[in-house]
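Participant: I'll drop the sequence and a predicted model, then ask my questions.
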Amino acid sequence: MKIKTGDLVRVISGKNKGKEGKVTQVFPLVERVVVDGVNALTRHLKGRGQQTGQKIQFHAPIHVSNVKLVSAKSGKQGRAGYKFIDQNGAKKKVRVIRKAGSVEDVE
């Protein structure tokens, strides 16, 4: 999975379409991500004994196919890929955004 914790993403489908946020958690085995400010749900907990009932709000995970990576520098969105760049004689692997044939460094 090419999306990591801390990346800026934009939701491209579903009820939260168009919202942007940072990825707070990644679940690679089930291909889901938790995005801050997206897919907020409320769970109602019943009181037990001396405890009172309460409402807990949390952000539920969404599928990774419903988000696109956004560049923090230019604001372009697109699919993520990898590119090797030459840095002081050593090759370094960086993530890039593939958009209309051009590549742009994510970091």
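Facilitator: The structure has been received and is ready for your questions.

Participant: in this protein, which residue is closest to the centre?
Facilitator: The centroid of the chain falls nearest to Val23 when counting by Cα atoms, centre = their mean (3.8 Å).

Participant: hmm, it is touching Lys2, no?
Facilitator: No. In this structure, Val23 is not within contact of Lys2 by Cβ atoms under 8 Å, at 11.5 Å. Backbone N, C-alpha and C define where each C-beta goes, glycine included.

Participant: helix/strand/coil for Gly37?
Facilitator: What DSSP: H, G, I helix; E, B strand; the rest coil gives for Gly37 is coil.

Participant: residues touching it, list them.
Facilitator: 19-21, 59 (Cβ atoms under 8 Å, 6 or more residues apart in numbering).

Participant: farthest-separated two in those residues?
Facilitator: The most widely separated members of those, counting by Cβ to Cβ, are Glu20 and His59 (13.6 Å).

Participant: ok, for Ile62, nearest residue in space, not its chain neighbours?
Facilitator: Asn39 (5.3 Å; Cβ to Cβ, 6 or more residues apart in numbering).

Participant: actually Ala72, not the one I wrote
Facilitator: Leu8 (5.5 Å).

Participant: ok, that neighbour touching Lys22?
Facilitator: Yes. Between Leu8 and Lys22 there is a contact under Cβ under 8 Å: 5.9 Å.

Participant: SS state for Ala80?
Facilitator: Assignment for Ala80 (three-state DSSP): strand.

Participant: give me the beta-bridge partners of it?
Facilitator: Ala80 has the following beta-bridge partners by DSSP bridges: Ile97.

Participant: in the chain, which spans are strands?
Facilitator: 8-11, 20-27, 32-35, 40-45, 54-59, 62-63, 67-70, 77-87, 90-99, 102-105 (DSSP state E).

Participant: could you dump the ones you listed to CSV with mean pLDDT?
Facilitator: Below are these laid out as CSV (pLDDT from 0 to 100):
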stretch, mean pLDDT
strand 8-11, 94
strand 20-27, 96
strand 32-35, 97
strand 40-45, 95
strand 54-59, 96
strand 62-63, 96
strand 67-70, 91
strand 77-87, 84
strand 90-99, 83
strand 102-105, 59
